[in-house]
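Enquirer: Sequence first, then the predicted structure, then my questions.
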Amino acid sequence: MSPARKPSTALRDPAWLRILLLAVALAFVALFLVLPLIAVFSYAFEKGVETFVASITDSDARAAIRLTLLVAVISVPANTIFGVAAAWLITRFRFAGKNLLISLIDLPFAVSPVIAGLIYVLLFGAQGWLGPWLADHHVKIIYAVPGIVLATTFVTFPFVARELIPLMQAQGSEQEEAALTLGAGGWSMFWRVVLPKIGWGLAYGVILCNARAIGEFGAVSVVSGHIRGLTNTMPLHVEILYNEYNRTAAFAVASLLALLALATLVLKQVVAWRMRRAAPESEAA
Amino acid sequence: MSIELADIAYRYTDAVALDGIDLSIQSGELLALLGPSGCGKTTLLRVIAGLEFPDRGTVRFEGRDVTRVAARKRHVGFVFQHYALFNHLTVFENVAFGLRVRHWWKRPRRAELKRRVGELLDLVQLGAHAQRYPAQLSGGQRQRVALARALAVEPEILLLDEPFGALDARVRGDLRRWLRGLHDRIHVTSVFVTHDQEEAFDLADRIAVMNHGRIEQLADPQTLYTHPASPFVCRFLGDVNELPPALHARWTGSREADAIAFVRPHDLELTPTYSAAVGAVVEAVRDLGATVRIEARHAALAAPLVAVYERGRFDAADIRPGQLVDVAARRWVIFPRDA
């Protein structure tokens, strides 16, 4: 619980160098992050508030928003459950193939999202392995909502597990063992001991997972088929509008995504702050 | 509740932790598992608790085989070395945990739960801290919360892993005596692990000295000290001088060529002499207050001889650095060399 210390004076660079470095960093952030953000909003509103509102309440836009939310509502809980289960398995048990599992969890980070989408096309598409069988049973996955959910879930797979594994490793299993000796079953141990311990880390992972699920473009683009009002998510809808030279509408929808990103950023900061505050207590005892 | 362990063996992937342990602990007894780190004592405690299942052997509570019974069904109180308190719960909720996780038909009613937790907190003298969080307590207080939490489920066996290891010396002594007093009042069969022989002697009815996954000797503290079963036990229980026959044959009467006499520093007698033949030279005299520590060197020994005299005996003995002294002992144990 040592208080944050100022960097030692001996390591401090001369004033002009510090100001220079700061200026370079700020200029970089302004050029690559702030400027585009301003551009998004200024283009979105270039034809006035009415056009903006019309663009985002257009029936295709509303369908895209609904689909994006639906995808997030399915894939985020699925990855949360999987992430907690995988982190639990990896940090609390010894078993053959554990390292393989850890690598597999990282796989979606390593693979290009486009490839990820393609995998599903090759599996479930009309010419794919399972395509004919699925067609016989009237199940549509590719160019339909299930495919989009699958692709999004694949891409957002690692976020929760990756956040929890180091956290649970650091915390160790003593408290869980204590709960066991006090007669707690698996269920009450999870709710009363594990979840409160990993709570903020889990929230952090879920937020990142959600942000990616909503913003995912590549993998979804491959499996969606871009059917307006049916299989278009928000990022895909932005692309279509832009390609049709409907710049204002494209940026209006994009500005919603940007707002979501900003909200995520704020939420992430709050959770990170809560995690730091919670951490020293667990170390002390 | 008595505990009987028969032929318990346990191995980790790369090392043997327990190698055929037979141990029988009487109901109401306070037993210490004493040994150097890595001797398997904590593993043995975890086997009794059901936190590890042995590869071989049986664990019985009061004659009932519990070898494969899960930890949560054994009703064993366990106090962890670093307490393992639930940091997100208050002291009260920590202690109440074992009662709250019971099935609803066995769970005490609210008023009853409150009364029982209150009693336990009073027992460990923490009644005033019920609403604090573990992070707000001192080490000794945390230790007592861990104890109250373990006792809340009314276990018939209490297991403690290095219960005083993380505390500073003064708190440790106080808590030790307090725990002994508590045990004498509630008479729960208790086993604790320690690497500190003083702690084991102070607290335990009987001590099992462990080494390399085996029990070297099981005895009450006095027997352990006066009749150690092996050189390991002898060395582990404190400083000891190991004298070759040339130095001890005259007074032990032993004629075995490989017999080594083990003599405690306070049993070593140094008397001024003029014969250099059997003498050692006093090298250093350190005044420790109540006692005086004398180091003497003998040609036949690599390490210096160490004697500890009480103040009065030292004053009468007239021992100074550089003096030639004859070596004898008041009490000794003989083991063959390299046993």
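Expert: Nice, thanks for sending it over.
Enquirer: got a list of what the residue of the stretch 201-339 of chain B at minimum distance from chain A touches?
Expert: Per CB to the nearest CB, the residue of the stretch 201-339 of chain B with the smallest distance to chain A is residue B:213, at 20.3 Å. C-beta coordinates here come from the backbone N, C-alpha and C atoms, glycine included. For residue B:213, the contacting residues are B:10, B:16-21, B:39-40, by CB atoms under 8 Å, 6 or more residues apart in numbering or on different chains.
Enquirer: which residues in chain B form helices?
Expert: B:41-49, B:91-100, B:110-123, B:139-151, B:169-186, B:197-203, B:221-226, B:231-236, B:245-252, B:311-317 (DSSP state H).
Enquirer: can you pull out the strands in the stretch 201-339 of chain B?
Expert: B:206-211, B:214-219, B:241-243, B:259-263, B:268-272, B:280-287, B:291-297, B:305-310, B:324-329, B:333-336 (DSSP state E, counting those that start in this stretch).
Enquirer: Buried ones in the longest one, by neighbour count?
Expert: The one in question is strand B:280-287. By neighbour count on 16 or more other CB atoms under 10 Å in any protein chain shown, the buried set for strand B:280-287 is B:280-282, B:285.
Enquirer: The last one now?
Expert: Neighbour counts over strand B:333-336 (16+ other CB under 10 Å) mark B:333, B:335 as buried.
Enquirer: Report the distance from it to the chain centre.
Expert: On the basis of CA atoms, centre = their mean, to the nearest Å, strand B:333-336 sits 24 Å off its chain's mean C-alpha point.
Enquirer: Provide the strand pairings for it, with the direction of each partner.
Expert: strand B:259-263 (antiparallel) (DSSP bridges).
Enquirer: same question, the longest one
Expert: Listed by DSSP bridges, the sheet partners of strand B:280-287 and their directions read strand B:291-297 (antiparallel), strand B:324-329 (antiparallel).
Enquirer: With the first one instead?
Expert: With DSSP bridges as the criterion, the sheet partners recorded for strand B:206-211 are strand B:30-34 (parallel), strand B:214-219 (antiparallel).
Enquirer: Which among those is found nearest to residue B:173?
Expert: Closest to residue B:173 of the strands paired with strand B:206-211, according to CB to CB: strand B:30-34, at 16.0 Å.
Enquirer: one step back: is it possible to export the strands of the stretch 201-339 of chain B to a markdown table including distance to residue A:255 and mean pLDDT?
Expert: Converted to a markdown table, those look like this (distance: least, CB to CB, whole Å; pLDDT from 0 to 100):
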| stretch | distance to residue A:255 | mean pLDDT |
| --- | --- | --- |
| strand B:206-211 | 70 | 95 |
| strand B:214-219 | 73 | 94 |
| strand B:241-243 | 84 | 90 |
| strand B:259-263 | 85 | 90 |
| strand B:268-272 | 89 | 87 |
| strand B:280-287 | 81 | 90 |
| strand B:291-297 | 82 | 92 |
| strand B:305-310 | 82 | 92 |
| strand B:324-329 | 92 | 88 |
| strand B:333-336 | 86 | 89 |
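Enquirer: Which pLDDT value belongs to whatever residue of the stretch 1-150 of chain A ends up closest to chain B?
Expert: Going by CB to the nearest CB, chain B is nearest to residue A:94 of the stretch 1-150 of chain A, at 8.2 Å. Note on residue A:94: pLDDT of 82.
Enquirer: Wait, a helix at it?
Expert: No. Residue A:94: not assigned to a helix; according to DSSP: H, G, I helix; E, B strand; the rest coil it is coil.
Enquirer: quick revisit: the helices of chain B: lowest mean pLDDT?
Expert: Among those, helix B:245-252 scores lowest, at a mean of 81.
Enquirer: Flag every buried residue along it.
Expert: Those buried within helix B:245-252 under the rule 16+ other CB under 10 Å are B:245, B:247-249, B:251-252.
Enquirer: And residue A:183, how close does it get to chain B?
Expert: Residue A:183 sits 5 Å away from chain B, going by CB to the nearest CB, to the nearest Å.
Enquirer: What number of neighbouring residues does that residue come out with?
Expert: Residue A:183: 24 surrounding residues under other CB atoms under 10 Å in any protein chain shown.
Enquirer: cool, residue A:199 as well?
Expert: Neighbours of residue A:199 (other CB under 10 Å): 15.
Enquirer: which helix is the longest one in chain A?
Expert: Assigned via DSSP H, chain A shows its longest helix as helix A:247-284.
Enquirer: and the nearest residue to the residue of the stretch 201-339 of chain B closest to chain A once chain neighbours are set aside, what does it touch?
Expert: With CB to CB, 6 or more residues apart in numbering or on different chains as the criterion, residue B:213 has its nearest non-adjacent residue at 3.7 Å, and that residue is residue B:19. By CB under 8 Å, 6+ apart, the residues touching residue B:19 are B:9, B:40, B:212-214.
Enquirer: Look up how far residue B:228 lies from residue B:19.
Expert: 20 Å (CB to CB, to the nearest Å).
Enquirer: hang on, the earlier thing: among the buried residues of helix B:245-252, give me the pair with the biggest separation.
Expert: Checking the buried residues of helix B:245-252 with CB to CB, the most distant pair is B:245 and B:251, at 11.2 Å.
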